[in-house]
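Colleague: Quick one: sequence plus predicted model below, questions after.
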Amino acid sequence: MKHVQFGDYQTPPELVDQIIGVLINKGYRWERVLEPTCGKGNFIQGLQLCAHPAKEIVGIELQEEYWKQASRQFCSSVGRVSIIHDSIFSIVLKEQIRWNCSGPLLIIGNPPWVTNAQISGLNGNNLPEKKNIKGCRGIEALTGSSNFDIAESIIIRLIHEYQSQKPLFAFLCKTSVARNILRYAYQAGIELSDAEIRMIDSRKWFSAAVDACLFIFTSGRGRNYTALLYSEMEGRFPVRTIGYVGDHYVSNIEAYNNVAFIEGRSPIEWRQGIKHDAASIMELQHTPEGWKNGFAEIVDVEDCYIYPLLKSSDIQSIANKPFIKRGVIVPQKEAYIDTAYLCEDAPRLWHYLNRYIEQFNSRKSSIYRNKPPFSVFGLGPYSFSPYKVIVSGLYKCPTFAAVSCFNRKPVFCDDTCYLLPCNSALQAATIETLLNHTLARQYIESIAFLDSKRPITKAVLKRLNYSALLKHVPENELCEQVIATVQRLSGDSVSDNLCYDDILFCMNTKSDEQELLFNI
């Protein structure tokens, strides 16, 4: 438990030597070193033994057992090495660290590999002051967008504290942390440059199944919000460059430049699927005996509250397997609506949900706090649209699937997916065709970070400008695919007279819900 709370991954001496070697081979030198979470002192020992040892090293460590071990190990280096027993989140750096020498500063280390949400879930106290450091608003902050890695908070604090001293930073961290720091620096206008992301084998070094790297950059020496990405720690040549092209954050600058014409704003707002955090209760499986919940119990509730459900694993094959065997209970028509009406309108459903009232009340997300019983989110008029285009957020190679009503009911998706409500089968078919086109796929790959837990996000999807994409897809190719998809959605044969003008017309058909922005 303690290991998890502190994100405790002690850096092996062999890896320390590689990191220091990379820095020295790049020509970096330093007179002073600060390690904000020094643990047992493996970085400090490696820095003392390197070809160009620093004149002064300061380590900070919160865990008492590590602080004592490091203090004993370096007690003979009094005046050169000092270990402070404190938390990087509470120490007053400018007052408690008084350098005895001047010269280039290296800030190095391996800060915790955990998020604030993970620590809070363990009732841990190794946390920074509660701040929404990403500036998330409203529901985004409540549903997880304001969650951040502890390493991210540490690095941001150190940048603010020391950028006037123009330090070199070298941190082991998740690749997502490195990308977030780059984004944060750009948005905050902080000087950051010379960034490199050098991938490491986290399974080998830490037995951790996570994409991690050595993140190197300088602060206070100019603004260049790009980073060279190397496939291995000691790689000589970068495989690509990530960072900002104008105001746009991309995962592969070279590839992005070839399809940048697609950059823009999604003509329709992408929505996340239904969120309930009670899958065993709310999600059902259709069997010969009837609907069954996650406890393998037969569920006898009013059928009008059960809707067809697609999950991420269903999206990739829905075009070839149009039969939907999952269902989801939807107790509200819109989020926040009082559910008390179910007592009279749907007594069997009301009784069923109340059997699990404790499970509903124990849902951890703050979005359910002070809301009506059995509340769900990701719900609105768009949820009941008869036609949608749905995509999973979890797959590196996303498939966009147009769906229509199933058994005369609109299809829902869970919160691992995103959806676009459409006016017609023709509009859904056209959008599906455009988004599955090679050009769209190349664009998504150039802006999405495919090593992320959720590679496809609303932030990625909303940047797709369909009107621009439409102009680059050959008319005959588009019409042929659209006709086939409309036929699949409607179940009727479609006239071969369907032409490009029909597609343009349907894409210009506006509704208050969609707020279409096409101007073709």
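Modeller: The structure has been received and is ready for your questions.

Colleague: Starting from Q48, give me the distance back to the residue lying farthest from the centre of the chain.
Modeller: Relative to the centre of the chain, and counting by Cα atoms, centre = their mean, the farthest-placed residue is S76 at 45.5 Å. Look at S76 and Q48: by Cβ to Cβ, to the nearest Å, they are 11 Å apart. C-beta: built from backbone N, CA, C; applies to glycine.

Colleague: In terms of pLDDT, where does the residue farthest from the centre of the chain sit?
Modeller: S76 carries a pLDDT value of 75.

Colleague: Repeat that for the one 5 residues further on.
Modeller: Each residue has a pLDDT score; the one for V81 is 92.

Colleague: quick one, what contacts it?
Modeller: Counting by Cβ atoms under 8 Å, 6 or more residues apart in numbering, V81 makes contact with 44, 48, 56-59, 74.

Colleague: same thing but at 10 Å, please
Modeller: For V81, the contacting residues are 33, 38, 41, 44-45, 47-48, 54, 56-59, 70-71, 73-75, by Cβ atoms under 10 Å, 6 or more residues apart in numbering.

Colleague: Please apply the same query to F169.
Modeller: 105-109, 155, 158-159, 162, 181, 192, 194-195, 215-219.

Colleague: Show me the shaky parts of this structure.
Modeller: Counting by pLDDT under 70, the chain shows low-confidence ranges at 1-8, 78-79, 116-148, 319-322, 492-497, 508-520.

Colleague: Give me the most central residue, it.
Modeller: Most central in the chain (Cα atoms, centre = their mean) works out to R454, at 5.2 Å.

Colleague: Skip the chain neighbours and tell me the closest residue to L228.
Modeller: Nearest residue to L228, sequence neighbours excluded (Cβ to Cβ, 6 or more residues apart in numbering): P238, at 3.9 Å.

Colleague: Please apply the same query to F295.
Modeller: Per Cβ to Cβ, 6+ apart, closest to F295 is S280, 5.8 Å.

Colleague: Likewise for S219?
Modeller: Nearest to S219 is Q163, by Cβ to Cβ, 6+ apart, at 4.3 Å.

Colleague: burial measure for the one you found, as a count.
Modeller: Using other Cβ atoms under 10 Å, Q163 has 17 neighbouring residues.

Colleague: do the same with P288
Modeller: Around P288 there are 4 residues (other Cβ under 10 Å).

Colleague: cool, G222 as well?
Modeller: Neighbour count for G222, taken as other Cβ under 10 Å: 11.

Colleague: thought it was touching D194?
Modeller: Yes. Between G222 and D194 there is a contact under Cβ atoms under 10 Å: 8.4 Å.

Colleague: thought the residue nearest to the centre of the chain was touching L394?
Modeller: Yes. Using Cβ under 10 Å, R454 is in contact with L394, at 6.1 Å.

Colleague: Okay, now stretch 195-206: how far is its last residue from its first?
Modeller: Its start and end residues considered, stretch 195-206 measures 24 Å (Cα to Cα, to the nearest Å).

Colleague: If you could redo that for stretch 276-285, that was the one I meant.
Modeller: Terminal-residue distance, stretch 276-285 (Cα to Cα): 16 Å.

Colleague: Stretch 238-248 now?
Modeller: First residue to last in stretch 238-248 (Cα to Cα) measures 21 Å.

Colleague: So for that stretch, what gets flagged as buried?
Modeller: Using 16 or more other Cβ atoms under 10 Å as the test for burial, stretch 238-248 gives 240-245.

Colleague: With stretch 56-73 instead?
Modeller: By 16+ other Cβ under 10 Å, the buried positions in stretch 56-73 come out as 56-63, 66-67, 69-71, 73.

Colleague: next one: stretch 397-404
Modeller: For stretch 397-404, a neighbour-count test (16+ other Cβ under 10 Å) marks 398-404 as buried.

Colleague: ditto for stretch 278-297
Modeller: Using 16+ other Cβ under 10 Å as the test for burial, stretch 278-297 gives 278, 281-284, 291, 293.

Colleague: Same check on stretch 325-335?
Modeller: Neighbour-count burial for stretch 325-335, counted by 16+ other Cβ under 10 Å, picks out 326-332, 335.

Colleague: again with stretch 77-84
Modeller: Neighbour counts over stretch 77-84 (16+ other Cβ under 10 Å) mark 81-84 as buried.

Colleague: Generate a markdown table for those, with secondary structure and distance to T430 as supplementary columns.
Modeller: Shown next, in a markdown table, are the buried residues of stretch 77-84 (DSSP: H, G, I helix; E, B strand; the rest coil; distance: Cβ to Cβ, whole Å):
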| residue | secondary structure | distance to T430 |
| --- | --- | --- |
| V81 | strand | 66 |
| S82 | strand | 66 |
| I83 | strand | 64 |
| I84 | strand | 62 |
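
Colleague: State the pair within the residues you listed that is farthest apart.
Modeller: Farthest-apart pair in the buried residues of stretch 77-84 is V81 and I84; separation 11.0 Å (Cβ to Cβ).

Colleague: any common contacting residues for these two?
Modeller: Common neighbours of V81 and I84 (criterion: Cβ under 10 Å, 6+ apart): 38, 58-59, 71.

Colleague: mind listing which of the residues you listed are in helices?
Modeller: Residues from those lying in helices, with DSSP state H as the criterion: S71.

Colleague: Which two among the shared contacts of V81 and I84 are spaced furthest apart?
Modeller: Comparing every pair within the shared contacts of V81 and I84 by Cβ to Cβ identifies V58 and S71 as the most remote, at 12.5 Å.
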